[in-house]
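Undergrad: With the input below, show me the fold.
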Amino acid sequence: MAIAATGKKQTNHWLILILLALAQFMVVLDISIVNVALPSMQRAFSLTNNSLQWIITAYSLAFGGFLLLGGRSADYFGRRRTFLIGITVFILASMGTGLSQSGTMVIIFRALQGLAAAFLSPSALSIVLVTYREGKERNVALSVWGAVAAGGAAFGVLLGGIITQYLSWRWNFFINVPVGIFIVITSLRVLDKHESESERTGLDIPGAATVTAGLMLLVYSLTEAPVYGWSSHRIILTLAASIILLIAFVVNEMKIAKKPLMPMRIFRIRNVSGADALMVFVAAGLFSVFFFTTLYLQNILHYSAVKTGVDFLILPVIIAIVATNVPRLIKLIGLKPILVVAPLFVSSGLFWASHLPVHGTYWGNIAPGLALMGAGMGALFVSVTIAATAGVPKHEAGLASGLLNTSQQVGGAIGLAVLTGIVASSTTRYITNLHLHAHPTAAALSAASVHGFHIGYLVASSFGLAASLLALFVIKIQKAKNDPSHPADETAVIPV
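TA: From the prediction side, this is the model:
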């Protein structure tokens with residue numbers, strides 16, 4: 001790998017990449033590692049299904065809601081400083097989650113984990129962006145980053161199953177503590193200080209408050225609507241408040257704020273806006289894979305936690321194989337064909353899952369769909385990261401990183417909220433239509449649950465089609481703008 005602007009030795013470059021990828025792996029892992037542990041946590045605290053969903057949603061919601069603030073903090077206050085603060089709080093929140101004595105405590109500490117991840121993840125990615133030159137060098141680095149981001153979620157299900165069955169669900173969170181401490185100690189030794197790239201010394205607090213509150217209320221409304229009904233005063237008021245707050249955020253950024261949290265000019269980089277929108281749709285469909293498939297495997301097929309985790313292993317294997325070969329493919333055909341085709345693989349896998357039978361088998365019914373999704377995810381997460389960060393000036397690397405992560409987390413949280421509601425209502429209608437609501441048998445409940453999953457997977461598959469269309473009509477060939485972090489003559493053209 002060539003020597004980038006920091007002047008570090010090549011060995012240190014690889015060490016930095018491994019270190020930052022490990023931190024990102026831990027963040028992504030905690031999105032999915034709890035999925036297999038959910039039945040154990042439900043029994044431990046007598047949680048309802050709605051409360052159970054909040055163990056996942058609280059993390060994603062806080063993560064997505066504060067990502068813009070976290071990304072901007074990296075630009076303003078220094079990338080290493082923001083990274084270290086984020087990972088320290090993440091360690092403490094992980095310890096608190098593992099020690100929780102009630103479902104409410106778990107949800108609160110999960111939200112704190114998400115808040116910490118919102119500062120940790122974009123600062124780590126922005127360090128990658130300014131460490132490696134745009135072009136082949138950065139593409140290779142981002143292929144590793146993309147493989148970690150895509151594979152971490154899948155590996156989390158396997159690791160979560162092993163830990164839950166042989167230790168306890170609490171160790172899904174305790175495991176972050178020694179890993180996090182290692183990252184902190186190593187970071188202090190190998191990372192540059194990466195002080196502020198901007199003369200700005202303050203943050204856009206009104207912007208941060210309105211966008212965070214707006215996103216949180218939006219996801220809350222979508223999550224609780226199936227419980228209270230779309231016409232309830234609670235849902236109408238929270239949904240209206242979220243829309244008002246998000247409009248206020250846009251007005252503040254465009255007209256009022258002198259130092260905006262999210263300068264709208266970044267969306268003039270067409271590939272940035274296109275890639276972020278594409279990620280919203282893909283994540284909206286993918287979050288359902290781990291949630292619904294885990295419930296299907298454990299509640300319908302009665303698999304153990306470990307067997308459930310092992311059955312997901314096909315995902316990270318295929319993701320790793322595809323992601324490591326994507327840079328070569330990009331060099332041959334460019335980004336755009338990959339961004340158009342990869343979401344179709346994800347959609348195909350979700351469509352396959354929409355036909356899972358009540359008495360399914362792994363190799364006949366589950367593995368083919370997961371293999372299709374793995375191929376799509378491996379190609380997509382690498383290429384969309386490149387597209388969303390190409391041509392972004394160095395002083396806004398944190399913003400670009402935060403936007404991409406925000407798109408993923410908010411899209412996933414909204415998608416899971418919407419799809420969970422669809423599955424719940426479809427399951428209820430199935431039971432009602434068969435007049436089984438009084439005393440449904442176990443077999444009838446299983447059939448109703450699987451029917452609900454079918455509808456959820458089918459709707460999720462449509463999100464990938466929308467992402468493919470976005471790539472087709474929005475992503476374009478674009479020469480990267482000169483980046484002050486590197487000489488102008490070294491700025492690469494990203495093939496799209």
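Undergrad: any weak-confidence spans in this structure?
TA: The model of the chain has pLDDT under 70 over residues 1-11, 49-50, 134-135, 146-147, 149-154, 193-203, 394-398, 401-402, 435-439, 477-496.
Undergrad: Pull out the buried residues from the helix with the most length in it.
TA: Assignment by DSSP state H gives helix 397-433 as the longest helix of the chain. In terms of neighbour count (16 or more other Cβ atoms under 10 Å), helix 397-433 has its buried residues at 397-424, 426-427, 430-431. (Each C-beta comes from the backbone N, C-alpha and C, glycine too.)
Undergrad: Tell me the spacing between Val346 and Phe281.
TA: 10 Å (Cβ to Cβ, to the nearest Å).
Undergrad: Likewise for Lys255?
TA: Distance, Lys255 to Phe281, using Cβ to Cβ: 29 Å.
Undergrad: Now do the strands in the stretch 251-400 of the chain.
TA: For the stretch 251-400 of the chain, no strands are identified by DSSP state E, counting those that start in this stretch.
Undergrad: mind listing what His359 touches?
TA: Contact partners of His359, counting by Cβ atoms under 8 Å, 6 or more residues apart in numbering, are Leu301.
Undergrad: Ile16 versus that one, what's the distance?
TA: Going from His359 to Ile16 by Cβ to Cβ gives 50 Å.
Undergrad: circling back to that earlier point, now the element after the longest helix of the chain, going C-ward?
TA: Next helix or strand after helix 397-433 toward the C-terminus (DSSP states H and E): helix 442-473.
Undergrad: by how many degrees do that following helix and helix 397-433 diverge?
TA: 140 degrees (axes from the mean of the first three to the mean of the last three Cα atoms, to 10 degrees).
Undergrad: which parts of helix 442-473 are buried?
TA: Residues of helix 442-473 classed as buried: 445-461, 463-468, 470-471 (neighbour count, 16+ other Cβ under 10 Å).
Undergrad: quick one: which of Lys255 and Phe281 has more around it?
TA: Relative neighbour count places Phe281 above the other of Lys255 and Phe281, with 23 against 8, counting by other Cβ atoms under 10 Å.
Undergrad: That one: what's it in contact with?
TA: Each residue near Phe281 by Cβ under 8 Å, 6+ apart is listed here: 343, 411, 463-464, 466-467, 470.
Undergrad: for those residues, which one is nearest Asp311?
TA: Gly464 (22.0 Å; Cβ to Cβ).
Undergrad: do you know how far the closest one is from Pro316?
TA: Gly464 is 20 Å from Pro316, by Cβ to Cβ.
Undergrad: Phi and psi next, for Leu99.
TA: phi -90, psi 0 (degrees, to the nearest 10).
Undergrad: count of residues packed around it?
TA: 13.
Undergrad: In this model Arg170 seems to touch it, though I could be wrong.
TA: Yes. Here Leu99 reaches Arg170: they are 7.5 Å apart, a contact under Cβ atoms under 8 Å.
Undergrad: Kindly present the contacts of Phe281 as JSON lines, with separate columns for distance to Phe45.
TA: Output for those, formatted as JSON lines (distance: Cβ to Cβ, whole Å):
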{"residue": "Pro343", "distance to Phe45": "37"}
{"residue": "Gly411", "distance to Phe45": "29"}
{"residue": "Phe463", "distance to Phe45": "32"}
{"residue": "Gly464", "distance to Phe45": "35"}
{"residue": "Ala466", "distance to Phe45": "37"}
{"residue": "Ala467", "distance to Phe45": "37"}
{"residue": "Leu470", "distance to Phe45": "41"}
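Undergrad: And Thr361, how close does it get to Leu301?
TA: Relative to Leu301, and taking Cβ to Cβ, Thr361 is found at 9 Å.
Undergrad: Tell me which helix or strand comes right after the helix or strand where Ser126 lies.
TA: Element membership of Ser126, judged by DSSP H and E, is helix 103-131. Next helix or strand after helix 103-131 toward the C-terminus (DSSP H and E): helix 136-166.
Undergrad: Against which helices or strands is that next one packed?
TA: helix 10-32, helix 103-131, helix 171-174, helix 270-295, helix 305-311, helix 314-333, helix 367-389 (3 or more Cβ pairs under 8 Å, 6 or more residues apart in numbering; DSSP states H and E).
Undergrad: ok now that helix, how far from the chain's centre?
TA: 11 Å (Cα atoms, centre = their mean, to the nearest Å).
Undergrad: State the number of residues packed around the nearest residue to Phe174 once chain neighbours are set aside.
TA: Nearest residue to Phe174, sequence neighbours excluded (Cβ to Cβ, 6 or more residues apart in numbering): Gly98, at 4.5 Å. Applying other Cβ under 10 Å, we find 19 residues neighbouring Gly98.
Undergrad: Contact partners for Gly98?
TA: Each residue near Gly98 by Cβ under 8 Å, 6+ apart is listed here: 170-174.
Undergrad: Pick the one among the contacts of Phe281 closest to Ile108.
TA: Nearest to Ile108, judged by Cβ to Cβ, of these is Gly411 at 24.0 Å.
Undergrad: Quick check: that closest one touching Val282?
TA: Yes. Counting by Cβ under 8 Å, Gly411 does reach Val282; the two are 7.2 Å apart.
Undergrad: any residues in contact with both of Val346 and Phe281?
TA: 464, 467.
Undergrad: Buried residues, stretch 262-282. List them.
TA: Result for stretch 262-282 [16+ other Cβ under 10 Å]: buried residues 262-263, 266, 269, 271-282.
Undergrad: Extract the CA atoms of stretch 123-136 and return them as CSV.
TA: Extracted in CSV, the C-alpha atoms of stretch 123-136 (Å, rounded to 0.1, in the frame of the first residue of the first chain):
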residue,chain,number,x,y,z
SER,A,123,-14.7,9.3,13.6
ALA,A,124,-13.1,6.0,12.8
LEU,A,125,-14.2,6.1,9.1
SER,A,126,-13.1,9.7,8.7
ILE,A,127,-9.6,8.6,10.0
VAL,A,128,-9.6,6.0,7.2
LEU,A,129,-10.6,8.6,4.6
VAL,A,130,-7.8,11.0,5.4
THR,A,131,-5.2,8.2,5.9
TYR,A,132,-5.5,6.7,2.4
ARG,A,133,-5.4,8.5,-0.9
GLU,A,134,-8.6,8.5,-2.9
GLY,A,135,-8.4,5.9,-5.7
LYS,A,136,-7.0,2.4,-5.5
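Undergrad: ok now that stretch, how far from the chain's centre?
TA: Relative to the centre of its chain, stretch 123-136 is centred 19 Å away, using Cα atoms, centre = their mean.
Undergrad: for stretch 273-292, same thing?
TA: Relative to the chain's own centre, stretch 273-292 is displaced by 8 Å; criterion: Cα atoms, centre = their mean.
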